[in-house]
Structure formats: C-alpha cells, structure tokens
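# got a predicted structure here, sequence first:
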Amino acid sequence: MIEYNKFQKSLKHLEVMYEHYKVMDDSLPDWLKEAVPESIIQRFETCFDSMWKVLKRYLSEEMGLAEIPNSPKPLLRIANENNLLDTDIKIWFYYLQLRNSTSHDYNGEKAKKALQSMDDYITDAIQLYEKISGATWH
C-alpha cells in the first residue's frame, strides 16, 4: 500500500506558506520578508522530492511497471507516457531544474525563478496527487 501522507503534507505546507507569501507587504520586518521565501524554496524541494518518490512507488505498485528508474527525470517521462501528468512534460522538467538549482540558493535569481513558478507547480502537484491517490484535495 502506498503512503501518500508525506507528499500530501509537504504539498499542503508549501501551499500554505505560498499563500502567506502572496499577501506579504512592506510593513513586515526584513527577517520575515527573507524567511518566508526561503521557507517556500525549502518546502518546494521537500515536496518535489516526496512527489517523485511516491510517483515511483505508484508506477511500480499500482501500474505494475517493471524496472522503474531511481531518478526523477526518467521517472517523469514514464509518468507522462502513462498519462499521469496533465501538464506538458517540459514543464515538469523545468520544475526539476528549479528544484536542482535552488539548493543552497534561497535568495538569488534561481530562487526568484522558483518563486515565480510556485502557483503553477502547486496546481500541477495537486492534480498529480489527486490522480495517483484518488483523493480530492482539501
């Protein structure tokens, strides 16, 4: 049986923190204006990692596919070939690129690009969660 809890929890934490980020204003202290985006990046990394790992188990256990790769890019290709991704595979590769590029760069240009993509990533990750878990989000 596949446990979706870690993926669900990490996605929920990302979604909640991103909602806070979208309503932040200049009246907040500088430390908070820095901490919230950093938290979003870290939560994105955690969510993406838990997403592809649960996707790997889904492809193996639920779809019965043999020889599932142990890295996200080929795994995303297989998920796409099996109609699990509603968004173009290039978008998912872009999310992977963002995830890999944000490690240890929470304030630079890479982080800004990741933050600009969070609405889309959260939407796509929710769609994937619903599709593979069979559960409705929220």
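All right, it came through fine.
# burial of A125, as a residue count?
25 (other CB atoms under 10 Å). Placement of C-beta: from N, CA and C, glycine included.
# spatially central residue for this structure, please.
F48 (3.6 Å; CA atoms, centre = their mean).
# could you look up the SS state of the residue sitting furthest away from the middle of the chain?
In the chain, counting by CA atoms, centre = their mean, S27 sits farthest out from the average C-alpha position, at 29.5 Å. Of the three states, S27 takes coil under DSSP: H, G, I helix; E, B strand; the rest coil.
# looks like the residue nearest to the centre of the chain contacts Y95 (just checking).
Yes - counting by CB atoms under 8 Å, F48 touches Y95, with 6.5 Å between them.
# overlap of the contact sets of these two?
Common contacts of F48 and Y95 (CB atoms under 8 Å, 6 or more residues apart in numbering): Y121.
# which strands and helices sit next to the helix or strand where F44 lies?
Per DSSP states H and E, F44 falls inside helix 30-57. Applying 3 or more CB pairs under 8 Å, 6 or more residues apart in numbering; DSSP states H and E, we find helix 30-57 packed against helix 5-22, helix 72-81, helix 89-102, helix 109-116, helix 118-133.
# among those, which is nearest L59?
Comparison of those against L59 by CB to CB identifies helix 72-81 as nearest, at 5.9 Å.
# report the angle between that closest one and helix 118-133.
Calculated by axes from the mean of the first three to the mean of the last three CA atoms, to 10 degrees, helix 72-81 forms an angle of 60 degrees with helix 118-133.
# in helix 72-81, what's buried?
Neighbour counts using 16 or more other CB atoms under 10 Å place 72, 75-76, 78-80 of helix 72-81 among the buried residues.
# so who does S50 touch?
6-7, 10.
# by neighbour count, which of those wins?
F7 (25 neighbours).
# what about that one, distance to C47?
7 Å (CB to CB, to the nearest Å).
# list the buried residues in the helix-or-strand element of the chain with minimal mean pLDDT.
Least confident helix or strand, the chain: helix 109-116 with a mean of 86, by mean pLDDT, DSSP states H and E. Neighbour-count burial for helix 109-116, counted by 16+ other CB under 10 Å, picks out 110-111, 114-115.
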